[in-house]
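Engineer: fold the following, please.
(2 chains)
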Amino acid sequence: MPDFECRLKKYRQLMDMTQEQLAVQVGVRRETIMRLEKAQYNPSLKLAIDISRAVGTPIEEIFIFK
Amino acid sequence: MIMKKTNVRRMAVPGVLCAVFTAVSAWHSVKYNDARIIKPMDYSEYTFRIQDLPMILSIGFIILYVLYLFCLLMKKIRVRKSIEANTQTVRSISPGYGLFGFFGLFGFFGFWTYSVDKTIFPFVFFVFFGFFGYFYTAKLSGTLMDERFRENQVKAGAAANKTALTIIFAAVLVLGQGRLIGSLEFTLIAFVIAVSLALALERFLSQYLLYRYDQEDGFEESGE
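Structural biologist: Okay, the predicted model is just below:
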């Protein structure tokens, strides 16, 4: 399991987006967003950048690697 | 639909022409050439006669037709693979394909055919057990293939390959001794069974594990 903290849920809710909406926007399944929010999935750089753009937050504020 | 009709025409028309030409050649051979080439003959003493030409040509056309069908099949496979590579969702397949797994039971006929005429080929049918994996593939029909799905696909494939290779390696190691079962024929049979079952397991596991990896978090709360 990847050792990082994910604050995606917080920033997604700030943008008033559902997991489904975010998933559609970045081209993945809702289950993938769900796993990401639980820090159970280590995304590719491209997906991380897409998510960061979708929620309008710098990538290093969403994914915090210890 | 139009495309399908064109494809059928492309395959059927040359086949029908071949069949007609072969029928005419056979009639000609029977009527005017003592049924040469049609009847079994000793080809070591064969000398060419101009009357043999229609039958020789028809055999040539049949060979060309088979090659043509093979090329069409290869082309279709290439096109399908290209479509699959570019598609974003898992292709829809019927769970009915999983029923082909029951053909694996034909493998047990090998014990009977071996006792009758020493034929061991039916043991290869054990490979069909791998089709049971299609039950799981069918459950994933239409799933969006995002990066996590593709990652799971690779992970499942690697785990399945590793398991199958371990079994094959163990079989080679054990059966390679040759004298383990006391007869080389039995050793060969055991080896064919082991490899067939390992291949079936590889097919099944790669599909089953993909389903399991994909679904393992599907039952959790949404967390919206």
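
Engineer: contacts only, for the closest residue to B:Phe135 other than its chain neighbours.
Structural biologist: Distance criterion CB to CB, 6 or more residues apart in numbering or on different chains; nearest residue to B:Phe135, sequence neighbours excluded, is B:Gly98 at 3.8 Å. Backbone N, C-alpha and C define where each C-beta goes, glycine included. For B:Gly98, the contact set (CB atoms under 8 Å, 6 or more residues apart in numbering or on different chains) comprises B:Phe131, B:Phe132, B:Gly133, B:Tyr134, B:Phe135, B:Ala138.

Engineer: can you check B:Phe128 too?
Structural biologist: B:Phe128 makes contacts with B:Phe100, B:Gly101, B:Phe102, B:Phe103, B:Gly104, B:Phe106, B:Gly107, B:Ala200, as judged by CB under 8 Å, 6+ apart.

Engineer: grab the nearest non-local neighbour of the fourth one.
Structural biologist: If I follow you right, that is B:Phe103. Nearest one to B:Phe103, counting by CB to CB, 6+ apart, is B:Phe128 at 3.8 Å.

Engineer: what residue in chain B comes nearest to chain A?
Structural biologist: Nearest residue of chain B to chain A: B:Asp146, at 3.8 Å (CB to the nearest CB).

Engineer: nearest spatial neighbour of that residue, skipping sequence neighbours?
Structural biologist: Using CB to CB, 6+ apart and skipping residues adjacent in sequence, the residue nearest B:Asp146 is A:Val28, 3.8 Å away.

Engineer: surely the one you found is in contact with A:Ser44?
Structural biologist: No - here A:Val28 does not reach A:Ser44: they are 10.2 Å apart, not a contact under CB atoms under 8 Å.

Engineer: name the residues contacting each of those two.
Structural biologist: Listed contacts common to A:Val28 and A:Ser44 are B:Glu147; contacts here mean CB under 8 Å, 6+ apart.

Engineer: look at the two and report which has more neighbours.
Structural biologist: A:Val28 (24 against 12; other CB atoms under 10 Å in any protein chain shown).

Engineer: returning to that earlier point: mind telling me what element the residue nearest to B:Asp146 is part of?
Structural biologist: Remark: A:Val28 resides in no helix or strand, with elements defined by DSSP states H and E.

Engineer: could you pull up the contacting residues of it?
Structural biologist: Contacts of A:Val28 (CB under 8 Å, 6+ apart): A:Leu47, B:Leu144, B:Asp146, B:Glu147, B:Arg148.

Engineer: next one: phi and psi at it?
Structural biologist: Main-chain dihedrals, A:Val28, degrees, to the nearest 10: phi -130, psi -180.

Engineer: poorly predicted segments of the chain, please.
Structural biologist: I'll assume chain A. Within chain A, the segments meeting pLDDT under 70 span A:1-2.

Engineer: that was the other one, I meant chain B.
Structural biologist: Residue ranges of chain B with pLDDT under 70: B:1-4, B:179-180, B:217-224.

Engineer: what's the local residue count around residue 24?
Structural biologist: Defaulting to chain A. Using other CB under 10 Å, A:Val24 has 16 other residues around it.

Engineer: I was thinking of chain B, sorry if that wasn't clear
Structural biologist: Neighbours around B:Val24, by other CB under 10 Å: 12.
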